[in-house]
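Student: mind folding the following:
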Amino acid sequence: MDIAHPHTIKKFELIEAYVKEWSQKLLNNPKCNGIVFIDCMCNSGVYISEDGNTIFGTPIRVANYLASIMKNYPNKKAYLYFNDLSFEKIEELNTHIPSNTSNFIVFTSVLDGNQLLREIKLEDSKLSYLLVYDPYQATIDWFALMPFIQNWGDVIVNHMVSDTIRAVSQVKRPSAKEKYEHTYLSSIQELANFKSDRDAFEMKVQQIMTILRGGRGNRRYYIASFPFFNTCNAVVYNLLLGTGSLEGFTTFKKVAWKIFGGKSSGKKTYESEGQLMINTDYMTTTTTPADENCYFPKDIANYLHHMFFGQENVPLADVWAALEEHPVFPSEGFRPEIKQCLQTTFGDKIAQSTISFTGTK
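Tutor: As a prediction, the model looks like this:
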């Protein structure tokens with residue numbers, strides 16, 4: 001069995017937590033006839049942790065949860081697709097997932113994951129899809145993903161940015177060059193110019209997702225992205241959610257922060273978030289430095305304080321709405337912590353239904 005490192009386990013936990021909220025919201029929607037979950041690169045679903053414990057991966061976690069709740073929705077369906085290139089891994093997975101019922105149906109297959117995606121027909125507009133695309137390297141087939149990006153549904157992409165940064169600048173083999181060019185839809189020369197700029201590669205992936213989404217009426221397309229760090233404090237990959245649903249976007253941000261223990265990543269900050277510095281952008285205030293790879297509630301408070309600085313009695317609804325479309329900050333789940341930071345760090349006045357951003361701390 002493969003080893004599940006701590007960052008891998010966090011990935012499992014994040015996807016599982018999102019599926020729990022995603023599925024319940026959709027199954028309780030009378031316009032939705034059912035849900036479809038696809039993990040086209042699923043592995044066996046069974047791992048060993050670094051301390052020797054058995055760890056279940058995404059397919060087993062999701063299958064067990066959806067099997068348990070579908071009993072409450074007899075008139076709706078849940079279809080699950082699990083696929084891997086290894087026959088042995090799929091055979092192992094089959095021994096751990098629940099049996100099919102009349103409204104809980106699992107399909108397993110041994111294929112190239114991109115081939116599976118091409119074979120799935122997105123014909124029922126009353127089914128909602130969640131696709132997990134989790135390649136072992138920085139390999140993305142955008143033409144296989146495109147129908148799902150354009151569909152009313154969600155796509156979670158594991159962007160193996162560490163593989164890219166390590167290899168792009170020195171790649172020699174034509175097949176390897178082609179892999180990176182297909183993944184980023186750019187020439188190897190352009191990619192080499194990015195050097196080790198992780199943000200540049202990340203932005204490229206997000207741009208591709210947005211372009212492939214295209215004009216779907218007047219609907220926005222939201223992309224949330226969170227980095228996953230290894231024990232050496234280096235980014236291994238970014239997990240991205242692409243969705244046309246603002247509710248899905250805000251939910252993903254909330255569950256990510258919860259999985260990371262009240263911050264935006266598992267990066268070790270060695271308590272540097274508590275060190276004070278002087279901020280003179282708007283006024284002379286004492287605050288703490290922000291790390292764009294690992295935000296805390298105090299960073300959200302800092303963002304809101306400067307957005308609404310000087311305004312009195314701002315309705316709480318307006319305050320939380322200001323966070324809804326932020327790419328990282330959650331608008332739900334951490335409101336008491338944010339209000340506490342506004343009060344203690346900046347001296348802002350917190351009322352029952354408003355906040356006055358007039359503090360001078």
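
Student: now residue 330: how far from residue 195?
Tutor: Residue 330 sits 32 Å away from residue 195, taking Cβ to Cβ, to the nearest Å as the criterion. All C-beta atoms are positioned from the backbone trio N, CA, C, and that covers glycine.

Student: which one of these two has more residues nearby?
Tutor: residue 330 (26 against 10; other Cβ atoms under 10 Å).

Student: isn't that one up against residue 254?
Tutor: Yes. Taking Cβ atoms under 8 Å as the definition, residue 330 is a contact partner of residue 254 at 4.4 Å.

Student: A helix includes residue 125, no?
Tutor: No. With DSSP: H, G, I helix; E, B strand; the rest coil as the criterion, residue 125 is assigned coil and is not in a helix.

Student: tell me how far stretch 82-95 lies from the chain's centre.
Tutor: 25 Å (Cα atoms, centre = their mean, to the nearest Å).

Student: first vs last residue of it, how far apart are they?
Tutor: Using Cα to Cα, to the nearest Å, the gap from the first to the last residue of stretch 82-95 comes to 13 Å.

Student: sort out which residues of that stretch are buried, please.
Tutor: Neighbour-count burial for stretch 82-95 flags 82-84, 89-90, 92-93 (criterion: 16 or more other Cβ atoms under 10 Å).

Student: widest-spaced pair of those?
Tutor: 83 and 92 (13.7 Å; Cβ to Cβ).

Student: among the buried residues of stretch 82-95, which are in strands?
Tutor: 82-83 (DSSP state E).

Student: ok, residue 20 to residue 105 distance?
Tutor: Computed as Cβ to Cβ, the residue 20 to residue 105 distance reads 19 Å.

Student: meant to ask about residue 316, not that
Tutor: Taking Cβ to Cβ, one finds residue 316 at 43 Å from residue 105.

Student: and the pLDDT for residue 361?
Tutor: What the model reports for residue 361 is a pLDDT of 61.

Student: actually residue 219, not the one I typed
Tutor: 76.

Student: so it: helix, strand or coil?
Tutor: Counting by three-state DSSP, the backbone at residue 219 sits in coil.

Student: residues contacting the nearest residue to it once chain neighbours are set aside?
Tutor: What sits nearest to residue 219 in space, not counting adjacent residues and going by Cβ to Cβ, 6 or more residues apart in numbering, is residue 244, at 5.1 Å. Taking Cβ atoms under 8 Å, 6 or more residues apart in numbering, we find residue 244 in contact with 152-153, 213, 216, 219-222.

Student: I'd like to know which of these are buried.
Tutor: Buried members of those, scored by 16+ other Cβ under 10 Å, are 152-153, 213, 221-222.

Student: just these: which are in helices?
Tutor: Those of the buried ones among the contacts of residue 244 mapping onto helices are residue 213, per DSSP state H.

Student: with distance to residue 181 added, can I get the buried ones among the contacts of residue 244 in JSON lines?
Tutor: Formatted as JSON lines, those follow (distance: Cβ to Cβ, whole Å):
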{"residue": "152", "distance to residue 181": "30"}
{"residue": "153", "distance to residue 181": "28"}
{"residue": "213", "distance to residue 181": "21"}
{"residue": "221", "distance to residue 181": "24"}
{"residue": "222", "distance to residue 181": "27"}
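
Student: can you list the weak-confidence ranges in the chain?
Tutor: Within the chain, the segments meeting pLDDT under 70 span 215-218, 271-289, 361.

Student: specify which member of the contacts of residue 244 is nearest to residue 131.
Tutor: Using Cβ to Cβ, residue 153 is the member of these that sits closest to residue 131, with 7.1 Å.

Student: so that closest one touches residue 125, yeah?
Tutor: No. When contacts are counted by Cβ under 8 Å, residue 153 is not listed as touching residue 125 (10.6 Å).

Student: does residue 82 touch residue 111 like I think?
Tutor: No. The criterion here is Cβ under 8 Å, and residue 82 misses it with residue 111 at 11.0 Å.

Student: now the strands for the stretch 151-300 of the chain?
Tutor: For the stretch 151-300 of the chain, the strands defined by DSSP state E, counting those that start in this stretch cover 153-159, 222-229, 235-243, 277-279, 285-287.

Student: nearest to residue 297, out of the ones you listed?
Tutor: With distances scored as Cβ to Cβ, the stretch of these nearest to residue 297 is strand 285-287 (13.0 Å).

Student: show the end-to-end separation of stretch 318-335, please.
Tutor: Per Cα to Cα, the first residue of stretch 318-335 is 13 Å away from its last.

Student: domain-wise, how is this protein divided?
Tutor: Per the record, the chain has its domains at 2-259, 272-356, by automatic domain parsing.

Student: just put those in TSV and tack on distance to residue 266.
Tutor: Listed next are these as TSV, based on distance: least, Cβ to Cβ, whole Å:
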stretch	distance to residue 266
domain 2-259	5
domain 272-356	8
